[in-house]
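Q: Any chance you could fold what I've pasted below:
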Amino acid sequence: MKVQKGFNSDITVRGQKYHVQTEDWGLQNPFLVSRIFCNGAVMKTIKTPYDTVLRLGSTQSEEAIKLALRRQHSTIIDTLMAGGTP
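A: As a prediction, the model looks like this:
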């Protein structure tokens, strides 16, 4: 299974600029990790272990990781845009 490409987004909420970065750390460190940056500093880190997004024995693991990566990134952006804290 190969490491999935991550996502990077710049958003502005009520005049405040944020950068959201989500990446797959791969099988050696099986986590999906998102970081929210504000003014260059990490505001928050969100780590999701593979075992919460993969079913044991699944042959669709790459697709599941890709979908979970996209979902995690989108959820963080949606939460920020709604004025919440992820």
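Q: which intervals of this structure have sub-threshold pLDDT?
A: Within the chain, the ranges that satisfy pLDDT under 70 run 1, 55-60, 86.
Q: quick one, helices of it?
A: 61-81 (DSSP state H).
Q: Residue 19 touches residue 41, doesn't it?
A: No. Judged on C-beta atoms under 8 Å, residue 19 makes no contact with residue 41 at a distance of 10.4 Å. All C-beta spots, glycine's among them, are computed from the backbone N, C-alpha and C.
Q: the more surrounded of these two?
A: residue 19 (16 against 7; other C-beta atoms under 10 Å).
Q: hey, what's that one bridged with?
A: residue 10, residue 37 (DSSP bridges).
Q: contacting residues around it?
A: 8, 9, 10, 36, 37, 38 (C-beta atoms under 8 Å, 6 or more residues apart in numbering).
Q: Going by neighbour count, which of these are buried?
A: With burial judged by 16 or more other C-beta atoms under 10 Å, the buried subset of these is residue 36.
Q: With distance to residue 80 added, can I get the contacts of residue 19 in a markdown table?
A: Shown next, in a markdown table, are the contacts of residue 19 (distance: C-beta to C-beta, whole Å):
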| residue | distance to residue 80 |
| --- | --- |
| 8 | 14 |
| 9 | 10 |
| 10 | 11 |
| 36 | 7 |
| 37 | 11 |
| 38 | 10 |
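Q: so which pair among the contacts of residue 19 is furthest apart in space?
A: Maximum pairwise distance among the contacts of residue 19 (C-beta to C-beta): 14.6 Å, between 8 and 38.
Q: how close does residue 79 get to residue 11?
A: 11 Å (C-beta to C-beta, to the nearest Å).
Q: same thing with residue 52?
A: For residue 52 relative to residue 11 (C-beta to C-beta), the value is 25 Å.
Q: and what of residue 4?
A: Where residue 11 is concerned, residue 4 sits at a distance of 22 Å (C-beta to C-beta).
Q: Of those two, which one has the most company?
A: residue 4 (19 against 14).
Q: ok, residue 65 - contacts?
A: Taking C-beta under 8 Å, 6+ apart as the test, what residue 65 contacts is 1, 4, 24, 32, 50, 53, 54.
Q: and which of these is nearest to residue 75?
A: residue 32 (11.4 Å).
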